[in-house]
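What would the 3D arrangement of this be:
(2 chains)
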2 protein chains.
Amino acid sequence: MNDLQIIENALYGYIPKGLKYEKNLVDSIEYSLKAGGKRIRPKLVLEFSRLCGGSDKSALPFACAIEMIHTYSLIHDDLPCMDNDDMRRGKPSNHKVFGEDIALLAGDALQSLAFDVMSQSSTLENASAEACVRCINILSSYCGTVGMVGGQVIDLENENKIADLSSVTECNRKKTGALIKAACEMGCVCAGADEEKILAARKFGENIGIAFQIVDDILDVTSSDEELGKPVGSDIDNNKSTYVSLLGVDECKKRVDKLTKDAIDALDCFDGNTSSLKQLALNLSNRKN
Amino acid sequence: MNDLQIIENALYGYIPKGLKYEKNLVDSIEYSLKAGGKRIRPKLVLEFSRLCGGSDKSALPFACAIEMIHTYSLIHDDLPCMDNDDMRRGKPSNHKVFGEDIALLAGDALQSLAFDVMSQSSTLENASAEACVRCINILSSYCGTVGMVGGQVIDLENENKIADLSSVTECNRKKTGALIKAACEMGCVCAGADEEKILAARKFGENIGIAFQIVDDILDVTSSDEELGKPVGSDIDNNKSTYVSLLGVDECKKRVDKLTKDAIDALDCFDGNTSSLKQLALNLSNRKN
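Numbers count the residues shown, from 1 in each chain, chains lettered A, B, ... in the order given. Below you'll find the model as predicted:
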C-alpha cells in the first residue's frame, strides 16, 4: 500500500457503524471524508513520525484525527452562513447533498471524533498516555480560537474591506498554517521525539503552512475552475484582501520560494532521511490545485 | 464561595484573552458561557469527584470542559438551520447578537476549547495523563455520533412525524442523557475511582439524564414562557413526538419518579456522603425551568 492508501484505509475504518437511527449523519460524515483531497496533514504526521523512529501504527490515529478536523472545517466553511460554496473538490458540498442541519452536525461530530480517536484504548496500545494528551493539546489549541477558527474569523472580518498585510498574515498563519504546523509537531510527539526536533518540525510546518496559503491565493487568480475543482476568482468576487491583492503574483511566488527554502533548512537537525519531506515541501509550492 | 461561584470562576478563567483580531469571536464565546444556566453537568463532575476523594482543583478543568461542550451545543442548536430559536435563557440567542457566522465559529471554538482545557499542562499538574485521556475519551464519544450529536439527528428526523417510543427514548438517551452520564463518569475518573464506582456513576447519570429530558418535555406543556425563560409549546409547534405526546403527563411524572429512585439507589456503592447528589437528583425531577 502507498501512503495515501494507508491513510485512507485507517481513516475510513473510523467511520461509525451499526447505528440504527443516524444513517443520514453517518452518510454525511462518510461523504466528506471520502471526497478526496490531498491528505497533506495526515501525510505530514506519518512522515515526521517515521523520521523520529515512530511506527505508522502509533502515528495513524493522530494522522486521521487531523484529517477529521480539516474535513469538519471544510464542511462548516462551505455553509451558506459562511462562504456559501455549492461545490467542493468538484462535487456538491456537504450541505447541498444532506441539508444544512445535517452538514452542521456532521462537522460537529467529526470534530468530536478526532478527539475520540486520539484517546481510544487502541490508540493507547501504541502511544503513551502522555504523548496522547500532548497531541490532543496541540490539535485542540491549533484548531480553536488561537488557531484555525481564529483565522477564519479574521478572514470574515477582512471581507469587503482593504485589510493590511499584518492581518492577512495573521489570518493565513492561523487559518491554514496552524493545522499544518500541528501535523508536523504531532508526528514528532507521537514518536517520542525530543523538544529540539519538535521545535524544528514546528518551524518546518509554520513555513510550509504560510506558503500553502499564498499558493492558494495565487491559484485563485491564475488557475481554471477545472484544474482547481472549485470556482476560481472567489477572493476577487468576495472583495477579499489576499497576499496576491496586496503584493502581486510575482512577489508572492518569491515569498513561497523563500518560505519553502526556510522549511527545508529546518530539517537539518534530523538524523534520518528527510528526502520525502523536502519533496513534499517542493510539491506543495509547485502544486496546480 | 458556593459551588456555582467555584464553577463559574474557573469557567470564565478559560475565556481566551489578548487576541488582536478575534474580538467578536471571544465576545460571542463569553456571551454564551456567561448566559447563566443551571451548571448541572459541571456540578455533577465536582460532586462525584468529591465523593471519590478527588480535589476540586483536579476536577474543575473537566467540569468546565463539559459545560463548554454543553454551551457549544446550545449555540448550534439555536441556529436558523436547526431549531431557529431567537431566545435562550431569556436573552437573544448567540446568532441574533453576533450573526450566524460568528455563532457557528464560536460553537466550533468552544468544542475545541473543551479538549484544550482537559489536556493543558496545568490540568496535568493535578490529574494523571491516564485520567485525562480517559476523560477526554468519555466526553468526545458521548458528545459525538454515538452520543449528543447522534441524539440531535434522531430529534431532527422525528420532526413532523409520529415517532415511536423506542426512537424517542434513543433520542433522549443520547441528546440529553449522554452528557449527563459523561459528567458523572468523568468526576469519578479524574478522582481515580475504581471501575465499580465508575459504573455506578454511569447508572446514576443514565437515569437522571433520561428523567431530565422527560421533565423538559413536561415543562414544555405545563410551564409558562416567563418561568421557562423560552417559549413553551415548541414541541407541539414543531409537531414533535415526545414522551408527553406518546405517554401523557401523568405517566411521564411516574417515570421521572422511578428513574430518580433508581438513580439514588445506584449511589449505594459509595462509602462517602451522597446527600448532595441525592438532593440534586430530587431537585432536577422537581424543577420548574
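
For A:Glu22, list the residues it contacts.
Under the criterion of CB atoms under 8 Å, 6 or more residues apart in numbering or on different chains, the neighbours of A:Glu22 are A:Pro16, B:Thr145, B:Gly150, B:Val153, B:Ile154. C-beta coordinates here come from the backbone N, C-alpha and C atoms, glycine included.

ugh, wrong one, A:Cys52
A:Gly187, A:Cys188, A:Ala191, A:Gly192, A:Ala193, A:Lys197, A:Phe270, A:Gly272.

and with 6 Å instead?
Applying CB atoms under 6 Å, 6 or more residues apart in numbering or on different chains to A:Cys52 gives the contacts A:Cys188, A:Ala191, A:Ala193.

Which one of those sits in the busiest neighbourhood?
Highest neighbour count within the contacts of A:Cys52, by other CB atoms under 10 Å in any protein chain shown: A:Cys188, with 28 neighbours.

out of the contacts of A:Glu22, which one sits closest to A:Glu170?
Closest to A:Glu170 out of the contacts of A:Glu22 is B:Thr145 (33.9 Å), distances taken as CB to CB.

how far away is that closest one from A:Phe115?
B:Thr145 is 13 Å from A:Phe115, where distance means CB to CB, to the nearest Å.

and what of A:Cys135?
Between A:Cys135 and A:Phe115 the computed distance is 10 Å (CB to CB).

just the residues of chain A that are near chain B, which are they?
Residues of chain A lying near chain B by CB under 6 Å from any CB of the partner chain: A:16, A:21-22, A:25, A:81-82, A:100-101, A:105, A:108-109, A:111-113, A:115-116, A:119, A:129-130, A:132-133, A:136-137, A:140-141, A:143-145, A:149-150, A:152-154, A:156, A:167.

Go through these and flag which are in helices.
Applying DSSP state H to the residues of chain A next to chain B, the entries found in helices are A:25, A:100-101, A:105, A:108-109, A:111-113, A:115-116, A:119, A:129-130, A:132-133, A:136-137, A:140-141, A:149-150, A:152-154, A:156, A:167.

Go through the one helix or strand A:Leu199 maps to and flag the buried ones.
Following DSSP states H and E, one finds A:Leu199 within helix A:195-222. Neighbour-count burial for helix A:195-222, counted by 16 or more other CB atoms under 10 Å in any protein chain shown, picks out A:197-198, A:200-220.

for that helix, packing partners?
Under the contact definition 3 or more CB pairs under 6 Å, 6 or more residues apart in numbering or on different chains; DSSP states H and E, helix A:195-222 sits against helix A:178-190, helix A:243-247, helix A:249-266, helix A:275-286.

right, so those: which one is the most enclosed?
helix A:178-190 (a mean of 29; mean count of other CB atoms under 10 Å in any protein chain shown).

follow-up on the earlier one: from the contacts of A:Glu22, pick the one nearest B:Ala266.
Distances from the contacts of A:Glu22 to B:Ala266 were compared by CB to CB; the smallest belongs to B:Gly150, at 24.1 Å.

Would you check how far apart that closest one and B:Tyr142 are?
With distances taken as CB to CB, B:Gly150 is found 10 Å from B:Tyr142.

swap in A:Asn207?
Per CB to CB, A:Asn207 is found 39 Å from B:Tyr142.

same thing with A:Ser119?
Distance, A:Ser119 to B:Tyr142, by CB to CB: 12 Å.

low-scoring pLDDT stretches of the stretch 101-250 of chain A, where are they?
Scanning the stretch 101-250 of chain A for pLDDT under 70 picks out the ranges A:229-230.

is it true that A:Ala103 touches A:His76?
No - A:Ala103 is beyond contact range of A:His76, at 7.9 Å (criterion: CB atoms under 6 Å).

Now A:Glu100: closest residue in space, sequence neighbours ignored.
The shortest distance from A:Glu100 to any non-neighbouring residue, by CB to CB, 6 or more residues apart in numbering or on different chains, is to B:Cys81 (3.7 Å).

pretty sure the one you found is touching A:Gly99, no?
No - using CB under 6 Å, B:Cys81 is not in contact with A:Gly99, being 7.8 Å away.

okay, those two: which has more neighbours?
Between B:Cys81 and A:Gly99, B:Cys81 has the larger neighbour count (other CB under 10 Å), namely 19 against 15.

confidence score at the more buried one?
pLDDT for B:Cys81: 96.

With the one 10 residues further on instead?
What the model reports as pLDDT for B:Lys91 is 94.

now do the one 3 residues further on
At B:Asn94, the model reports a pLDDT of 98.

shouldn't it be in contact with B:Ile75?
Yes - using CB under 6 Å, B:Asn94 is in contact with B:Ile75, at 4.6 Å.

what is in contact with those two at once?
Here B:Asn94 and B:Ile75 have B:Ser32, B:Ala103 as joint contacts, going by CB under 6 Å, 6+ apart.

May I have the phi/psi pair for A:Pro16?
Main-chain dihedrals, A:Pro16, degrees, to the nearest 10: phi -60, psi 140.

which residues sit in contact with it?
Shown in contact with A:Pro16 (CB under 6 Å, 6+ apart): A:Val26, B:Thr145.

next one: the strand or helix carrying A:Tyr12 to chain centre, how far?
Secondary-structure assignment from DSSP H and E places A:Tyr12 in helix A:3-13. Using CA atoms, centre = their mean, to the nearest Å, the mean C-alpha position of helix A:3-13 is found 16 Å from that of the whole chain.

which outside residues touch it?
A:Arg39, A:Pro42, A:Lys43, A:Leu60, A:Ala63, A:Cys64, A:Glu67.

so A:Tyr142 makes contact with A:Ala182?
Yes - counting by CB under 6 Å, A:Tyr142 does reach A:Ala182; the two are 4.0 Å apart.
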